[in-house]
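Peer 1: got a sequence here, can you model it:
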Amino acid sequence: QILVEMDGFETNTNIIVVAATNRPDILDPALLRPGRFDRRVTLDLPDVRGRAAILKVHSAGKPVAPEVTMETLAKETPGFSGADLSNLVNEAAILAARQDKKAIFMSEFEEAVERIIAGPERKSRVISQREKEMTAYHEGGHALVAWLLPHADRVHKISIVSRGNMGGHTSLLPDEDRYLWTKNQFEDMLTVMMGGRVAEEQIFDEVTTGASNDIERATKTALGMIKKYGMSQSLGPRTFGKREEMVFLGREISEERDYGDKVAEQIDEEVKELINMAYRRAEELMVTHKPKLVRVAEYLIVNEVVSGLNIDKLFNGEDLDDEAG
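Peer 2: Here you go, the predicted structure:
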């Protein structure tokens, strides 16, 4: 129907045909021929300024407390879509109403962010004291490594409150939106991922299943460095594998292998070395700064959550301020 109408337009007809799709990868090539849909505009996720503007639109007319600034909230929500931000404001309003508050405070907004990322708190989940201690040291390990490394993102919040399938959560936030990654940033990120498992070994002399997601993400990151971004010293600046991806859905559906068995073995060795190097770096940091790890873990065992300036004060051995979190 659209093709017939588009082909039938006179040259002086002042009509522009606009269409939208979330799956440009499956469009019929006939739609993209000259004279059809000539121009394609990709709408990415909003940047920090866009998020602030969207938050202001959705919070208009709602009783938001003066302490809440949308610019600050925008920095805490990288990767959120417009729909996510709308949901965030509504969720925060519901949380405030449940507590009979006359305004929506920053605490409600931050809880709403946690709910969108990880799900609501599982308050009914009962865990043993030992499992609670293991979770505290695991999350403390992630946070300590991130706090120490220069190319890691800032530690925003540490929690051992169960949400969804997660026993705990360490939230890292970049100081600004990032569109490019460096090799140093990838290597520090791998080290942060290893921090939880290393902390378990250092304190309890054993490992748990809690690091399974960390290991999976680390392996995927290391593979991306070698196969996708050409960050291998021995294999050089080239890519490996022709990938077919659903870009808008964020999924890789297949990969055509364009390299031999010998190269595959080299890739495996490179990935192994990257992960082992990150593990060794995390071990060195954990041994050197073990008192800091113990301090933050013991605080989490009692209080379950720490955020903001209190994280720096914990690691620096300073007295905590109730207003800093």
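
Peer 1: neighbours of Ser307, how many?
Peer 2: 15 (other CB atoms under 10 Å). (Each C-beta comes from the backbone N, C-alpha and C, glycine too.)

Peer 1: neighbours around the nearest residue to it once chain neighbours are set aside, how many?
Peer 2: In space, and not counting its chain neighbours, Ser307 is closest to Lys157: 3.9 Å by CB to CB, 6 or more residues apart in numbering. Counted with other CB under 10 Å, the neighbours of Lys157 add up to 21.

Peer 1: for Glu111, same thing?
Peer 2: Using other CB under 10 Å, Glu111 is surrounded by 17 other residues.

Peer 1: in a strand, that's where the residue nearest to Ser307 is, yeah?
Peer 2: Yes - Lys157 forms part of a strand when assessed by DSSP: H, G, I helix; E, B strand; the rest coil.

Peer 1: tell me what it is bridged to.
Peer 2: For Lys157, the beta-bridge assignment (DSSP bridges) gives partners Ser171, Ser307.

Peer 1: shaky segments in the protein?
Peer 2: In the predicted model, the chain carries pLDDT under 70 at residues 1-13, 123-124, 126, 243-255, 321-325.

Peer 1: tell me the contacts of the residue nearest to Ser307?
Peer 2: Neighbouring residues of Lys157 by CB atoms under 8 Å, 6 or more residues apart in numbering: Glu110, Glu114, His169, Thr170, Ser171, Val305, Val306, Ser307, Gly308, Ile311.

Peer 1: got the buried residues for the longest helix seen in the chain?
Peer 2: The longest helix of the chain (DSSP state H) is helix 261-288. For helix 261-288, burial by neighbour count (16 or more other CB atoms under 10 Å) applies to 266-267, 270-271, 274-275, 278-279, 281-283, 285-286.

Peer 1: distance between that helix and the chain's centre?
Peer 2: In terms of CA atoms, centre = their mean, to the nearest Å, the centre of helix 261-288 is found 22 Å from the chain centre.

Peer 1: state the next helix or strand along the chain beyond that helix.
Peer 2: helix 290-303 (DSSP states H and E).

Peer 1: who's in contact with that next one?
Peer 2: Here helix 290-303 has contacts from 132-133, 136-137, 139-141, 143-144, 158-160, 199, 202-203, 286, 306, 311, 314-315, 317, 320, using CB under 8 Å, 6+ apart.

Peer 1: wait, Glu114 touches Met166, no?
Peer 2: No - using CB atoms under 8 Å, Glu114 is not in contact with Met166; the gap is 10.5 Å.

Peer 1: mind checking how far stretch 108-127 is from the chain centre?
Peer 2: Counting by CA atoms, centre = their mean, stretch 108-127 comes out at 16 Å from the chain centroid.

Peer 1: thank you kindly, that will do.
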